[in-house]
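Novice: can you look at this prediction? I've put the sequence above it.
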Amino acid sequence: MTARVMAPSMLPGTLDRLRDLREGLVANPRFRRWAARFPLTRPVARRRTRALFDLCAGFVYSQVLLACVRLRLCELLRAEGAMSAAALAPRLGLDEAAAQRLLGAAASLGLVARRRGGRFALGPLGAALVGNAGLVAMVEHHAALYADLRDPVALLRGEGRGATDLARLWPYAGEARPEALGAAEVAAYSTLMAASQAMIAEEVLDVAPLRAHRCLLDLGGGEGVFLAAAAARAPHLQLLLFDLPAVAERARARFAREGLGGRAQAIGGDFLRDPLPAGADLISLVRVLHDHDDDVALAILRAARRALPTDGSLLLAEPMAGTPDAEPAGEAYFGFYLLAMGQGRPRRPAEIDGLLRAAGFGPARLLRTGTPLLVRAMLARPVA
Ligand SMILES: CC(C)=CCC/C(C)=C/CC/C(C)=C/C=C/C(C)=C/C=C/C=C(C)/C=C/C=C(C)/C=C/C=C(C)/C=C/CC(C)(C)O
Ligand SMILES: C[S@@+](CC[C@H](N)C(=O)[O-])C[C@H]1O[C@@H](n2cnc3c(N)ncnc32)[C@H](O)[C@@H]1O
């Protein structure tokens, strides 16, 4: 018998068949009982049981986190050092047994850490929460998402579309005339975006080609936190922001507060109907495209293309689907978040590239951001 080298094109199909065979075995309860006892398969069985348990229980873990955030537990431990449950209880407004229960749960999740003498200190994950106002604001606002996800199948079937808590938070979603939104309607989401922008602006600006451009237009730029961070890095850069009138007003106030009035201009309008300001040779779309269905996303990119000179660039930055090692963040978290919001979807870089080409851009380059789970970035140039 002659040995045959497997052609590379056969490999994926063969691997898929082997995986199907394995999952077919796991789907058999008798095999699962055997594999949990057999020494060679037991470690894998335990790992998978743990993974499935975490999937079942994830919403409880999130509520433990919410309790810690609401009670400002991590800030307290940071300020005062390790403390016992008895000492922490009155500071948290809990009785000692409840404090002990919360601290035990938080320790099991890495938010706090057990110390000698029954005391608790900051844990590795709790430490990363301290001073991260954007993350704390995100955790707090998950109360709305939590309510909307109560019946995920109804959500998938489009029942109650437009009547979710998240649709109320993001009133431009599904709104025919978003430019008519008033100051009170844009305040909550603009504040949330401004607080969480700090987490991603530096990641994006680390890879943005600011030095190669004269004037940056941030489309859907919110309150201007991204542009203010760009201004600090690139003193030569002129800055333009375009957003809904009530949001642009908030950006104007921020630019004035931060002494950027001379360099930064905020223009109000609807990027789907109004002409975009001229003069920018770099346009950024930060956390904007995934908010919109494909037809609208394409219209935004076409508007950006029309506003750019042929030697200009488009910088697109947002969390994306299919990010290696962060797949659930894109597909599960942002997929269901945007479903609850009522429009948009997370896209893979190749899908964004397809939209960019249809809008008149050349092939896009994926830039290497430091934390791709939080934000990825792509750069494209117009085709002449
Ligand atoms: C010091 C020694 C000796 C050793 C140290 C070991 C070591 C290297 C430790 C690492 C320490 C470190 C640097 C930790 C850093 C941790 C960080 C930065 C954690 C950050 C976590 C960020 C999270 C979890 C962010 C979550 C973001 C969310 C949920 C964002 C949601 C965004 C939404 C909903 C946006 C909505 C907008 C819309 C509508 C979709 O357009
Ligand atoms: C998810 S927020 C992102 C804000 C900011 N780029 C950031 O990352 O913090 C999307 C922004 O797009 C703006 N926006 C939505 N629809 C718009 C439209 N039709 N015209 C102009 N801006 C719009 C919203 O007001 C909001 O500020």
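Specialist: On my side now, so go ahead. Ligands and ions are numbered 1, 2, ... in the order given.
Novice: contacting residues for Ala89?
Specialist: With contact set as C-beta atoms under 8 Å, 6 or more residues apart in numbering, Ala89 has these partners: 95-96, 98-99. To be clear about C-beta, it is placed using only N, CA and C from the backbone, and glycine gets the same treatment.
Novice: so it sits in a helix?
Specialist: Yes. Secondary structure assignment places Ala89 in a helix (DSSP: H, G, I helix; E, B strand; the rest coil).
Novice: just put the contacts of Ala89 in a markdown table and tack on neighbour count.
Specialist: As requested, these are arranged in a markdown table below (neighbours: other C-beta atoms under 10 Å):
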| residue | neighbour count |
| --- | --- |
| Asp95 | 11 |
| Glu96 | 14 |
| Ala98 | 14 |
| Ala99 | 24 |
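Novice: wait, Leu65 sits on Leu111?
Specialist: Yes. At 6.7 Å, Leu65 and Leu111 qualify as touching, with contact defined as C-beta atoms under 8 Å.
Novice: quick one: name the residues of the chain near ligand 2.
Specialist: Contact residues of the chain with respect to ligand 2, defined by C-beta under 6 Å from any ligand atom, are listed as 172, 178, 193, 197, 220-222, 226, 243-244, 247, 270-272, 286-288, 291.
Novice: how's the chain carved up into domains?
Specialist: According to the TED database, the chain is divided into the following domains: 29-129, 135-380.
Novice: output the ones you listed as CSV; include the columns mean pLDDT and distance to Gly13.
Specialist: What follows is those, written out as CSV (pLDDT from 0 to 100; distance: least, C-beta to C-beta, whole Å):
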stretch, mean pLDDT, distance to Gly13
domain 29-129, 96, 24
domain 135-380, 97, 21
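Novice: so for Leu21, which of the ones you listed sits nearest?
Specialist: In this view, the domains of the chain are compared for proximity to Leu21 by C-beta to C-beta, and domain 29-129 is the closest at 11.4 Å.
Novice: which helix in the protein has the most residues?
Specialist: Counting residues, the longest helix in the chain under DSSP state H turns out to be helix 42-70.
Novice: grab the nearest non-local neighbour of Glu140.
Specialist: In space, and not counting its chain neighbours, Glu140 is closest to Val69: 6.4 Å by C-beta to C-beta, 6 or more residues apart in numbering.
Novice: tally of neighbours for the one you found?
Specialist: Val69: 20 surrounding residues under other C-beta atoms under 10 Å.
Novice: for it, what are its contacts?
Specialist: The contact partners of Val69, taken as C-beta under 8 Å, 6+ apart, are 129, 136, 139-140.
Novice: among the residues you listed, which are located in helices?
Specialist: Among these, the subset assigned to helices under DSSP H consists of 129, 136, 139-140.
Novice: quick one: Glu185 from Pro29, how far?
Specialist: Glu185 sits 53 Å away from Pro29, taking C-beta to C-beta, to the nearest Å as the criterion.
Novice: and these two? which has more neighbours close in?
Specialist: When neighbours are counted by other C-beta under 10 Å, Glu185 and Pro29 differ, and Glu185 comes out ahead with 19 against 8.
Novice: so the more buried one, which of the three states?
Specialist: Going by three-state DSSP, the secondary structure assigned to Glu185 is helix.
Novice: tell me how many other residues crowd the nearest residue to it once chain neighbours are set aside.
Specialist: In space, not counting the residues next to it along the chain, Glu185 is nearest to Pro171; the distance is 4.9 Å by C-beta to C-beta, 6+ apart. One way to gauge burial is a neighbour count; for Pro171, by other C-beta under 10 Å, it gives 16.
Novice: ok, now which ones touch Pro171?
Specialist: Applying C-beta under 8 Å, 6+ apart, we find Pro171 in contact with 178, 181, 185-186, 189.
Novice: still on that earlier bit, neighbour count for Leu65 and Leu111, which is higher?
Specialist: Set side by side, Leu65 and Leu111 show unequal neighbour counts under other C-beta under 10 Å, the larger going to Leu111 at 28 against 20.
Novice: who wins for most neighbours among the contacts of Val69?
Specialist: Top of the contacts of Val69 by neighbour number is Leu129, holding 21 neighbours under the definition other C-beta under 10 Å.
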